[in-house]
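Undergrad: fold the following for me, if possible:
(chains A and B)
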Amino acid sequence: MVQRETTVDADFEKGPYLTSFMEEMLEPYDPSPKAVIQVSVAIDEIFSNVVRYSGATSIVVRNQYDESTGMFSMAFIDNGVPYNPLDKKDPDVTLSAEDRQIGGLGIFLVKKTMDNVSYERKGNENYFTIYKKMK
Amino acid sequence: MKIDQTRDNSTLTLALEGRLDTLTAPELEQAVNANLEGLTALVFDFAKLEYVSSAGLRVLLSAQKKMNKQGTMQVKNVCGEIMEVLDITGFSDILTIV
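TA: Next up, the predicted model:
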């Protein structure tokens, strides 16, 4: 099991750093390019959500990769207000352009492309974790 | 992200390169809005686009709504990974993908 952790300010500008942080960690294990792209999109969705809604000042990101199973996990830990994005109702993806709401689409996309997602409130922190097979 | 703009009378082509996400979506929105006057055809070329997140989808939706009122909008050269995002979110039904 490989583990790596970093802490970033709650600032949209830090998003690309988190993507490189994931890419650099996984690079030696030759991950599926498609899975890397899907995780990159998930990082953008989750990180921007936390920055926008949680009121957190900093965010800890904890990555784990299990070489034997190819399973990667990324936990976003923030000290903001309790906020579970999984409580949100899935958007209606069959509506026309005129009736479309964009809210909730990002988390919906994360749920559909990751193998698993979880939310927990521990003490004063939100833990949102994504799991994705990289092989 | 890089945006390569080509305007030919009433047709605008925006060729995107890189990542269309939270940070870069506002640039695209600006490029669309700055060109709306007299525009009857808007074309997005995704040949060099790596991925799209929901922030990018929001801009595409808003562009589609505007072009519904004044002309046509097409998205071309969509790679498999981006097509999957458009399928999951139902955007493949809203957009004209060629």
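
Undergrad: show me what contacts the residue of chain B found nearest chain A?
TA: Residue nearest to chain A within chain B: residue B:90 (3.2 Å; Cβ to the nearest Cβ). Bear in mind the C-beta positions are built from the backbone N, C-alpha and C, glycine included. Applying Cβ atoms under 8 Å, 6 or more residues apart in numbering or on different chains, we find residue B:90 in contact with A:93-95.

Undergrad: switch the cut-off to 10 Å
TA: Listed by Cβ atoms under 10 Å, 6 or more residues apart in numbering or on different chains, the contact set of residue B:90 reads A:91-96, A:100, A:105, A:108, B:57.

Undergrad: just the ones of those in helices?
TA: A:105, A:108, B:57 (DSSP state H).

Undergrad: so who does the second one touch?
TA: Right, residue A:108. Residue A:108 neighbours (Cβ under 10 Å, 6+ apart): A:45, A:85, A:88-91, A:93, B:54, B:88-90.

Undergrad: ok, residues contacting stretch A:47-58?
TA: So stretch A:47-58 is in contact with A:7-19, A:59, A:61, A:76-83, A:85, A:88, A:106-107, A:110, A:125-126, A:128, B:21-23, B:53-55, going by Cβ under 10 Å, 6+ apart.

Undergrad: what do you get if the cut-off is 8 Å, keeping everything else the same?
TA: Applying Cβ under 8 Å, 6+ apart, the contact partners of stretch A:47-58 are A:7-12, A:14-15, A:18, A:59, A:76, A:78-81, A:83, A:85, A:106-107, A:126, A:128, B:22, B:55.

Undergrad: can you give me the buried ones in that stretch?
TA: Using 16 or more other Cβ atoms under 10 Å in any protein chain shown as the test for burial, stretch A:47-58 gives A:47-51, A:54, A:56.

Undergrad: need the max-distance pair from those residues.
TA: Spanning the widest gap among those are A:48 and A:56, at 12.6 Å by Cβ to Cβ.

Undergrad: out of the buried residues of stretch A:47-58, who's nearest chain B?
TA: Nearest to chain B among those: residue A:48, at 4.2 Å, using Cβ to the nearest Cβ.

Undergrad: now whichever strand or helix holds residue B:46: buried residues?
TA: Following DSSP states H and E, one finds residue B:46 within strand B:41-52. Neighbour-count burial for strand B:41-52 flags B:41-46, B:49-52 (criterion: 16+ other Cβ under 10 Å).

Undergrad: need these in CSV (columns: distance to residue A:34 and pLDDT).
TA: Below are the buried residues of strand B:41-52 laid out as CSV (distance: Cβ to Cβ, whole Å; pLDDT from 0 to 100):
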residue, distance to residue A:34, pLDDT
B:41, 32, 98
B:42, 29, 98
B:43, 26, 98
B:44, 22, 98
B:45, 21, 98
B:46, 16, 98
B:49, 15, 98
B:50, 11, 97
B:51, 10, 97
B:52, 14, 98
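
Undergrad: on that earlier part again, residue A:132: which of the ones in helices among the contacts of residue B:90 is nearest?
TA: Distance to residue A:132, by Cβ to Cβ, is smallest for residue A:108 among those, at 16.1 Å.

Undergrad: can you give me the distance of that closest one to residue A:48?
TA: Distance, residue A:108 to residue A:48, using Cβ to Cβ, to the nearest Å: 14 Å.

Undergrad: widest-spaced pair of the contacts of residue B:90?
TA: Greatest spatial distance among these (Cβ to Cβ): A:96 and A:108, at 17.7 Å.
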